[in-house]
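Engineer: Got a sequence here, can you build the structure:
(2 chains)
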Protein chains: 2
Amino acid sequence: MAQVIQPISPAAVDELAALRLELADTSTVVLAEELPRMDLAEQALRFRLLPKDRALAVFEELDTVHQQELIDGLKTDTVRELLDSMEADDRAKLFDEMPAKVATRFQSQLNAADRRITAQLLGYEPESAGRIMTPDYVSLRASMSAAAAIERIRHLRERPRNIDVLPVTDGHRKLLGTVTLADLVSADPDLPVSDLIADEHYQVSTDTDQEEAARLIQEANLIALSVVDHEDRLVGLITWDDAMEILEAEDTEDAARAGAAEPLERPYLSAGVFMLARKRAVWLLILAVSASLTVTVLNYYETYLANVTVLAVFISLLTGTGGNSGSQASVTIIRAMAVGEVRFSDAFRITWRESRVGFLLGAMLAVVGGPVVGFVYGWDIGLIIAVTLLVICTWSTFVGSLLPLLAKKVGIDPALVSAPMVSTLCDATGLLIYFSVAALVLGPALTG
Amino acid sequence: MAQVIQPISPAAVDELAALRLELADTSTVVLAEELPRMDLAEQALRFRLLPKDRALAVFEELDTVHQQELIDGLKTDTVRELLDSMEADDRAKLFDEMPAKVATRFQSQLNAADRRITAQLLGYEPESAGRIMTPDYVSLRASMSAAAAIERIRHLRERPRNIDVLPVTDGHRKLLGTVTLADLVSADPDLPVSDLIADEHYQVSTDTDQEEAARLIQEANLIALSVVDHEDRLVGLITWDDAMEILEAEDTEDAARAGAAEPLERPYLSAGVFMLARKRAVWLLILAVSASLTVTVLNYYETYLANVTVLAVFISLLTGTGGNSGSQASVTIIRAMAVGEVRFSDAFRITWRESRVGFLLGAMLAVVGGPVVGFVYGWDIGLIIAVTLLVICTWSTFVGSLLPLLAKKVGIDPALVSAPMVSTLCDATGLLIYFSVAALVLGPALTG
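Structural biologist: A predicted model of the protein is given here:
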């Protein structure tokens, strides 16, 4: 008998029930980690089986790239519901990275208030505080009593996600400070809110850089930071969890740059082979062109190499070691700058310290390496290698510490001074040092 | 007339008043940044002029190393007061890094309760959740009403710093879940606390690794995470601000390792030249010894170099480029692993992707570099360089992506696979590739 409509088999019903139970037992964090690793149909199936509030929690935890992917697998109604319930700043971020046409379509489906808020957030500069703030907060009047403030919060029709910190404004939306919910609850109910305002007040403007705002949140341990417009009127809050996300993204950028790769700005596995290659090609090319300086230097000393072939044997060891000690210095200084421990005004102190560190390290290598090389290749070669190691390490460590400081001074991100860049720059000078030392020690036997 | 007691001059009084005003205008964050840059007397002077609560806030914001420094400049009474008011976990951390004798002396001056708490925290393993949690929290009973819970909080004699998240326990201190203060305030006052427990529950044990706990706080956006003992009884809370600090410290470690330097574990400027050198010496030596493999390879091919000296000219360019493409791959994979985007089970997929990326990059360099070298040094040399660049880039990118995965597999921190290490390891193999290609192209002219 021909079946037109396929009934769901009892086995499939059991399977769905089992899957639902499994999902109920899996935490949001784990789900957000596992979903993007499945194919789209599997993702959508699991997503539909989740209760609404959990589905939203998982969705908000996904990376923007994975959110977009998942949206493609869901029905329009589900998507609209999701977008409606998302936090305004997360929604703006998602729209921002969608193709313009798709974003416009979804935006038109939002209710009027959400549409206005999203458009407003997208109006701020990318990577600014305005772009990442949430306009969803509860503000209090300074003249209210603590009890009245709590009543106000209790009777809100829709409570914003974050009410642990409550901005206090005057009659003209001007920000006066913030009150924590904890202080409000613990206070004498009759006390006016103005008496509970935290002594220490921090605020940023909508055009403050997002990393600066995030670092302020971290350093001052703020659960939420108020954002004001140019007339000092409150327009939003940046919450600590968004700050943590921004700082993690900035650290990911710095990590990529430390290895001379441009940041991917999306999860690794979601980037294709061509995109990966493109993110590295420019730096690799720049470095290769800089490295061709070593060709010029070696070409210049070709007669030396023809006269004493054994010198060629140590080229990689010496330039490699110089590059390594330079990299050690540069990563140390770059990180110290990133977390605010040192600044350009410390430049003299830093480079002087580092030069001495390099000298110590070079001396150590010379003492270890010189005798070994001398024993195998003759004492004159041993002497050349020992002296070269000493000078190269001192010089590379100095250069490695100076470059990030100079980058900062001229307004370039110091993280761009990568280990590969430092070693490439130290290679050519290292060779110059090597052949100069060799000429001094060997004299006419080399140069003649 | 001889003056025995020096009166404070009116000018000095004015100066102190001006300094006090200046301090009142400076934020805690800026003060905590500027103080450690002054000499001890200047630090102590400013510190004494601060109101007590601000002094505490600034002190808590300082790095442990700088806290110790400042303590040396303060009177015993001031120190005792500071230690009394510090959060228990911060105090434990400070004691932990003090010389044992000093720590014992200060510990004996604490009141009995604080002394017991400190001793308890210091009893947990270093870098464990138990070590960084605060035992200072308010827990609620599941059967209380929301109103009763709020009354309880309002009438606490000493309110803990963090009450935004409140753990809920049964009669035996067993953790049932957490309630947020926000939910408590917004709820119907008659509702029992058990109805307000968050659906999603996270907890860690006292011996969980601190980084794991901090990542959980970040990923699940928790203001505070409950810590339980082996019988599931609540013993403390880890707060989001401590989690941020831990993650920053871990990123600082990873950054240092990316450049083959051991982490300093203290602010850069507070580390001496010898300490800096010591933190780098071991790695530099290991790398130099590994680099001596290149000496062996070059030694083996010395006749090639003697026959066709021009080959020596490209050694640094080729090994440098191989090291660079390997470093690009390794930093990308290390970071993707650190933030949890990839794991060992992805190894095959990753290395296959990366090999193709390396091939693309190598092809690009070959197309650019081959003709230029061919034009200057002859077409056979151009061909050798082009083919070598292609093979070296593919190989180094493969190795650079594989090493961090292998490190993870055998239980080594993948961040130890530094850019200098990858380039050092790729140097010797790169030379093998170079001379093999040269032998193929030039034949007996090279090898004969």
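Engineer: How about the contacts made by the closest residue to residue A:315 other than its chain neighbours?
Structural biologist: Leaving aside its sequence neighbours, residue A:315 sits nearest to residue B:315 (CB to CB, 6 or more residues apart in numbering or on different chains; 5.0 Å). Yep, even glycine has a C-beta here, placed from its N, CA and C like the rest. Taking CB atoms under 8 Å, 6 or more residues apart in numbering or on different chains, we find residue B:315 in contact with A:298, A:312, A:315, A:316, B:298, B:431, B:434.
Engineer: rerun at 10 Å
Structural biologist: Contacts here follow CB atoms under 10 Å, 6 or more residues apart in numbering or on different chains; on that basis residue B:315 touches A:294-295, A:298, A:312-313, A:315-316, A:319, A:431, B:294, B:298, B:305, B:427, B:430-431, B:434.
Engineer: Kindly report the same for residue A:258.
Structural biologist: A:327, A:330-331, A:334-335, A:415-421, B:254-255, B:258-259, B:327, B:331, B:334-335, B:418-419.
Engineer: OK, contacts around residue A:323?
Structural biologist: Residue A:323 neighbours (CB under 10 Å, 6+ apart): A:392, A:396, A:400, A:419-427, A:430, B:287, B:291, B:316, B:320, B:323, B:419-420, B:423-424.
Engineer: my guess is residue A:285 meets residue B:361, correct?
Structural biologist: Yes: using CB atoms under 10 Å, residue A:285 makes contact with residue B:361 at a distance of 8.8 Å.
Engineer: now, which of the contacts of residue A:323 lie within helices?
Structural biologist: Using DSSP state H, A:392, A:396, A:400, A:419-427, A:430, B:287, B:291, B:316, B:320, B:323, B:419-420, B:423-424 are the members of those that sit in helices.
Engineer: Would you mind listing which of those are buried?
Structural biologist: A:392, A:396, A:400, A:419-427, A:430, B:287, B:291, B:316, B:320, B:323, B:419-420, B:423-424 (16 or more other CB atoms under 10 Å in any protein chain shown).
Engineer: so where is the stretch 101-250 of chain A shaky, pLDDT-wise?
Structural biologist: Judged against pLDDT under 70, the stretch 101-250 of chain A has no low-scoring part.
Engineer: So which residues of it form strands?
Structural biologist: Assigned by DSSP state E, counting those that start in this stretch, the stretch 101-250 of chain A shows strands spanning A:140-141, A:165-169, A:175-180, A:203-205, A:224-228, A:234-239.
Engineer: and whichever strand or helix holds residue A:20, C-alpha only, in PDB?
Structural biologist: Secondary structure from DSSP states H and E places residue A:20 in helix A:10-25. C-alpha atoms of helix A:10-25 as PDB (Å, rounded to 0.1, in the frame of the first residue of the first chain):
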ATOM      1  CA  PRO A  10       7.500   5.000  17.500                       C
ATOM      2  CA  ALA A  11      11.200   4.600  17.300                       C
ATOM      3  CA  ALA A  12      11.700   8.100  16.100                       C
ATOM      4  CA  VAL A  13       9.400   9.400  18.900                       C
ATOM      5  CA  ASP A  14      11.500   7.600  21.400                       C
ATOM      6  CA  GLU A  15      14.700   9.000  19.900                       C
ATOM      7  CA  LEU A  16      13.400  12.600  20.100                       C
ATOM      8  CA  ALA A  17      12.400  12.100  23.700                       C
ATOM      9  CA  ALA A  18      15.900  10.700  24.500                       C
ATOM     10  CA  LEU A  19      17.500  13.700  22.800                       C
ATOM     11  CA  ARG A  20      15.300  16.100  24.700                       C
ATOM     12  CA  LEU A  21      16.400  14.500  28.000                       C
ATOM     13  CA  GLU A  22      20.000  14.700  26.900                       C
ATOM     14  CA  LEU A  23      19.700  18.400  26.100                       C
ATOM     15  CA  ALA A  24      18.100  19.100  29.400                       C
ATOM     16  CA  ASP A  25      21.100  17.500  31.100                       C
END
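Engineer: near chain B, which residues of the stretch 1-150 of chain A?
Structural biologist: Residues of the stretch 1-150 of chain A lying close to chain B by CB under 10 Å from any CB of the partner chain are A:27-30, A:32-33, A:36-37, A:51, A:53-54, A:57, A:60-61, A:63, A:146, A:149-150.
Engineer: For the buried ones among those residues, write the corresponding PyMOL selection.
Structural biologist: Listed next is the PyMOL selection for buried residues among those, using 16+ other CB under 10 Å:
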select buried, chain A and resi 27+28+29+32+33+36+54+57+60+61+146+149+150
